[in-house]
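Student: whatever this is, show me its structure:
(4 chains)
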2 protein chains.
Amino acid sequence: MLDGGMVRATSTDLLDHLPEKLRAKLRRNTRVVSYAPGSTICLQGDGPTTLKIVQEGWVKLYRISPEGEEAVITTLSAGSSFDEVAALLGGNCGATVDAVTACRVQHIDLRGVCDCDDCYRVLSTAIMAAAASHMHAMINHVEQLKTSSSWERLADFLLCLASENEADCDTGNCCVDLPFERKLIAGVLGIKPESLSRAFNRLKPYGVTSPSHRIVHIDDLDRLRDLRNDGDFPETTGKAA
Amino acid sequence: MLDGGMVRATSTDLLDHLPEKLRAKLRRNTRVVSYAPGSTICLQGDGPTTLKIVQEGWVKLYRISPEGEEAVITTLSAGSSFDEVAALLGGNCGATVDAVTACRVQHIDLRGVCDCDDCYRVLSTAIMAAAASHMHAMINHVEQLKTSSSWERLADFLLCLASENEADCDTGNCCVDLPFERKLIAGVLGIKPESLSRAFNRLKPYGVTSPSHRIVHIDDLDRLRDLRNDGDFPETTGKAA
DNA sequence: TAGCAACCTTGATCTACATCAAACTGGAAC
DNA sequence: GTTCCAGTTTGATGTAGATCAAGGTTGCTA
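Tutor: Take a look at the predicted model:
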């Protein structure tokens, strides 16, 4: 529910629980590439594709619609992977991926890696787990797009970010660093930047303030969480309190 | 693009290319269940779940949001499977599934089926292929929700249905049988029934007419397809021609 | 075939979000 | 610092879709 349309950064990744022997094998097929912000990591349809794991920074997956409009599918950060299944089965890249911030990405060529059934079993299990988790996130995203308003999705997005910085945020107040520009946040939420700005205004009466473009302060996480669970709504015409 | 948010019915299913020996093994773990329209096949969170394959009829996957609103994730028909990965890895059911029409569903218990690595390799490959295809469909759906209007999504939905009845529909005119009630079509498209009704009206000037609630006639498939590719728009105020 | 209930459509109105234009901000380069 | 420019906000207005209420259809049952 509260994934805010964004796959969460984790400290671990898909390779973490593989046996050392297989990891060594994969390491030999790995190319680590650094990307400048805005550069393209792979294009939808490219193939045969590699397994990609974000080591550092943020990337966005997106499509360009026939009308030329960009549809952000999701954003990913360190620990997240993509194209897992396609890499193992010899398929193509499922969406275009751009670096949002400076970032470092592992490209792992899985072709021929799993000549032994044992390897295949272990690796495919890890890959299926990752695929299931992506599926879960996408289902949440669709649910959210179909049932929540823009400010509700924004609240979910902020709560999700907050729960990632567990360090300083369990309950009570909390400072959230926005990982990328608001235009992209708008894209993730499926709205325009102007509407995002107004969505932030709607959350102000609920203790969500923004001392600068990249920082958001939440007075009371539980209050915001309740807002998203109770069906309790902010004033339709609400402005800064 | 043109999947209309709906995973297409196929004559074949996930099991079709498995070796006979494995299929026999799976058959021993299979329970075939018939469902009346409106009955529930499984609940989100149920577990450990089974692999489910629709043999006949239509089912819908959905979630109930905290506010009690139903969000249709997708609909599936004969040949489509769900919960594949969760069944193999011992996870839970990812969404609630209801029978939309009378239908027959295989439930396959995958626990313990793959004691041999060989089986696992073959089965997991088939499962990953199915998972990748679902992922692809979900990405299309998100793209569609974020970039297309209600009538555009309806056009995609109809074109998708039309392409399934390939028999009578390649180009030119074509009759589409709606597989379920319009209220559910609205849910699939992420709009309300009233809006669906108006979306149909918008498509009338483009040769989409409806002699009865369950039948839609498309004068010229290519014209409708062009409409979705060219960025050419129907009149904002368009009514029945 | 009459009656009923569920489904669907239509009209009037309201609201959320988009659009367009203008002003504002804040960080990078000079 | 000043300048610049992209990113952001704000205001005015337009439009798609939601909502609410009423009226049609369709198909089932008797």
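Student: helix or strand right after the biggest helix by length in chain A?
Tutor: Using DSSP state H to define each element, chain A has its longest helix at helix A:117-147. Using DSSP states H and E, the next helix or strand after helix A:117-147 towards the C-terminus is helix A:150-164.
Student: so what does that following helix touch, helix or strand wise?
Tutor: With contacts defined as 3 or more Cβ pairs under 8 Å, 6 or more residues apart in numbering or on different chains; DSSP states H and E, helix A:150-164 has these neighbours: helix A:117-147, strand A:174-177, helix A:182-189, helix A:193-203, strand A:215-218, helix A:221-229. Placement of C-beta: from N, CA and C, glycine included.
Student: can you tell which of these is closest to B:Arg182?
Tutor: Across those, B:Arg182 has its closest neighbour in helix A:117-147 (16.7 Å, Cβ to Cβ).
Student: is DNA strand C within reach of the closest one?
Tutor: No - remark: helix A:117-147 sits outside contact range of DNA strand C, by Cβ under 7 Å from any atom of the strand, the gap being at least 9.9 Å.
Student: the inter-axis angle of that helix versus helix B:182-189?
Tutor: Counting by axes from the mean of the first three to the mean of the last three Cα atoms, to 10 degrees, helix A:117-147 lies at 120 degrees to helix B:182-189.
Student: where does chain A get nearest to chain B, residue-wise?
Tutor: A:Asp117 (3.7 Å; Cβ to the nearest Cβ).
Student: burial count for that residue?
Tutor: Counted with other Cβ atoms under 10 Å in any protein chain shown, the neighbours of A:Asp117 add up to 15.
Student: surely it and B:Tyr120 touch.
Tutor: Yes - contact criterion Cβ atoms under 8 Å: A:Asp117 and B:Tyr120 qualify, at 7.5 Å.
Student: skipping its backbone neighbours, what lies nearest the residue of chain A closest to chain B in space?
Tutor: Nearest non-adjacent residue to A:Asp117, counting by Cβ to Cβ, 6 or more residues apart in numbering or on different chains: B:Asp117, 3.7 Å away.
Student: follow-up on the earlier one: out of the helices and strands packed on helix A:150-164, which comes closest to B:Ser39?
Tutor: Checking these against B:Ser39 by Cβ to Cβ gives helix A:117-147 as the closest, at 21.8 Å.
Student: alongside DNA strand D, which residues does chain A contribute?
Tutor: Listed as neighbours of DNA strand D in chain A under the rule Cβ under 7 Å from any atom of the strand: A:181-183, A:193-194, A:196-198, A:200-201, A:210, A:213, A:240.
Student: now the farthest one out in chain A, which residue is it?
Tutor: A:Cys116 (33.0 Å; Cα atoms, centre = their mean).
Student: list the contacts for it?
Tutor: Taking Cβ atoms under 8 Å, 6 or more residues apart in numbering or on different chains as the contact definition, A:Cys116 lies against nothing.
Student: and the pLDDT for it?
Tutor: A:Cys116 is assigned a predicted lDDT (pLDDT) of 83.
Student: quick check: it vs A:Gly90, distance?
Tutor: 18 Å (Cβ to Cβ, to the nearest Å).
Student: A:Leu22 now?
Tutor: Taking Cβ to Cβ, one finds A:Leu22 at 19 Å from A:Gly90.
Student: and the two? Which one has more around it.
Tutor: Ranked by neighbour count (other Cβ under 10 Å), A:Leu22 and A:Gly90 place A:Leu22 first, with 19 against 11.
Student: assign a three-state SS to the more buried one, would you?
Tutor: Using DSSP: H, G, I helix; E, B strand; the rest coil, the structure places A:Leu22 in helix.
Student: list the contacts for it?
Tutor: With contact set as Cβ under 8 Å, 6+ apart, A:Leu22 has these partners: A:119, A:122-123.
Student: who does A:Ile108 form a beta bridge with?
Tutor: A:Thr30, A:Leu51 (DSSP bridges).
Student: for A:Ala99, grab phi and psi.
Tutor: Main-chain torsions, A:Ala99, degrees, to the nearest 10: phi -70, psi 130.
Student: show me what contacts the residue lying closest to it once chain neighbours are set aside?
Tutor: Among residues not flanking A:Ala99 along the chain, A:Tyr35 sits closest, at 3.7 Å (Cβ to Cβ, 6+ apart). Contact partners of A:Tyr35, counting by Cβ under 8 Å, 6+ apart, are A:41, A:57, A:99, A:102-105.
Student: using TSV, lay out those residues together with secondary structure.
Tutor: Output for the contacts of A:Tyr35, formatted as TSV (three-state DSSP):
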residue	secondary structure
A:Ile41	strand
A:Gly57	coil
A:Ala99	strand
A:Ala102	coil
A:Cys103	strand
A:Arg104	strand
A:Val105	strand
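Student: alright, calling it a day.
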